[in-house]
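# what shape does this take:
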Amino acid sequence: MKPSVFSPNKLKTNKREIGIVGFFFDLFGTNLFTHPILPLPMRIDKLSNGYPTCIIYPDFASLNEISQKIGFYINFESFFKIGLKNFIRFGNKNHKSITYRPLSKETVLKWYERSISTIVEIPSLEIDFTFVLSEFLKTYSNIANSGIISSDTRYTIELCQYCETMINYFRARLESNTIQIKVNQEIREEPIYSEDKKKKYYPQPVYIDVTYGKARTPKKKLFIPYLIYDDLIDVFFYNLKMLKEKVKIPINVQIYENNNIIIKGYTTKFYQQEKLIEKLYKFTYTD
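Numbering: from 1, shown residues only. Okay, the predicted model is just below:
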C-alpha cells in the first residue's frame with residue numbers, strides 16, 4: 001500500500017520523555033532477528049523522530065568477575081552492534097507498517113549519533129540489565145559445560161529456569177516499589193508506582209538528568225520505570241509459556257559462541273563504557 005495524505009510521516013512522541021533501552025539475549029529467532037539480541041522496551045517513536053534513545057549499559061566490572069569464574073565472556077562490541085541493528089530493523093518494519101514509508105537513512109543516523117552521545121545514570125536499571133546478562137551467561141555455561149544439545153529435554157529445563165529467575169527478579173523489583181536514580185550528582189530513591197484507597201496502581205513518572213553531546217549539558221527528562229519492568233516481565237513470561245507449551249522452537253544458544261558474541265576462555269579483558277561508546281560511534285560511519 002502506498003502512503004496517502006492521511007498517512008503520518010512519523011510516530012507521535014512526548015518531547016519531555018527520554019527513551020530508555022537495554023539489550024538482552026532472547027531465546028527465539030525470527031527472519032528479522034536471526035541473532036535475537038533485542039532491545040527493551042521496543043519503542044520506536046524516538047527513532048522515528050530522530051530523537052535520542054538512552055542505552056543502559058551494564059556494570060562491566062561485575063560481568064568481568066563473573067566471566068572469570070565461569071569461563072565465558074561477552075564480546076560487547078558485537079553484542080551492542082547486533083542489538084542496535086535489530087532495533088533499527090524492527091523500527092523500520094513497524095514505521096513502514098504505520099506510515100507506509102521506510103525510515104530515511106538521515107533520520108536513522110541522526111537518532112544513532114544522538115543516542116550514542118546521550119547519557120543517563122539510573123543505578124537500578126544498570127544493576128537489572130547486569131543481572132539479566134549475568135544469568136544468561138550462567139545458563140549458557142551450564143548448557144555448554146554439561147554438553148546439553150538443543151534437542152535434549154534438559155536444554156528446555158535450563159532455559160525455563162532462566163526465564164523463571166528473571167520473572168521472579170523483576171516481580172520483586174516491582175513489589176519493592178523503589179528505583180534508584182542519579183540527580184544533581186546524588187543517588188535518590190523514587191517510587192515506581194502509587195496506590196490509591198481502592199488498591200489501584202498508577203505508574204509514576206520519574207525525572208532524571210540527561211546529558212547530551214560534547215557539551216554534556218544536563219537536562220531534566222522524564223521516564224516511566226513501571227513500563228520498563230512490566231515489559232521485562234511480559235517478555236520472560238511469554239518465553240516461559242512458549243517453552244513449556246512447545247509452541248515455538250528456541251534457538252540453539254550455541255549460535256552466540258559460533259558468531260563470536262559469547263567467547264569461551266578466561267580473559268582479563270575489561271570493557272570500559274567510554275571505549276565501547278567510541279567504538280559504537282565509529283560504527284555509524286562504517287556500517
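# all helices of the protein, in order?
Under the criterion DSSP state H, the chain contains helices at 45-49, 60-70, 76-99, 105-116, 123-145, 153-176, 225-245, 254-258, 273-286.
# for T30, which of the ones you listed is the nearest?
helix 76-99 (9.8 Å; C-beta to C-beta). Where you see a C-beta, it was placed from the backbone N, CA and C, and this is true even at glycine.
# which residues of the stretch 1-150 of the chain score low on pLDDT?
1-9 (pLDDT under 70).
# residues touching E158, list them.
By C-beta atoms under 8 Å, 6 or more residues apart in numbering, the residues touching E158 are T139, N142, I143, I148.
# I'd say the third one and P250 touch.
No: counting by C-beta atoms under 8 Å, I143 sits too far from P250 to count as a contact (11.1 Å).
# anything in contact with each of those two?
Shared contacts of I143 and P250, defined by C-beta under 8 Å, 6+ apart, comprise Y155.
# count the residues that sit near the spatially closest residue to V108 that is not a sequence neighbour.
Computed as C-beta to C-beta, 6 or more residues apart in numbering, the closest residue to V108 that is not its neighbour in sequence is I88, at 6.0 Å. Using other C-beta atoms under 10 Å, I88 is surrounded by 17 other residues.
# who's in contact with I88?
So I88 contacts L47, L103, V108, Y112 (C-beta under 8 Å, 6+ apart).
# and those as CSV, adding distance to Q161 and neighbour count?
Listed next are those as CSV, based on distance: C-beta to C-beta, whole Å; neighbours: other C-beta atoms under 10 Å:
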residue, distance to Q161, neighbour count
L47, 34, 29
L103, 38, 21
V108, 38, 19
Y112, 36, 21
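# tell me which two of the residues you listed sit farthest apart.
Top of the distance list for the contacts of I88 (C-beta to C-beta): L103 and Y112, 11.2 Å.
# avg pLDDT for stretch 155-168?
The pLDDT scores in stretch 155-168 average 97.
# would you mark the buried spots in that stretch?
Of all the residues in stretch 155-168, those buried under the rule 16 or more other C-beta atoms under 10 Å are Y155, T156, E158, L159, C160, Y162, C163, T165, M166, I167.
# how close does I37 sit to L133?
10 Å (C-beta to C-beta, to the nearest Å).
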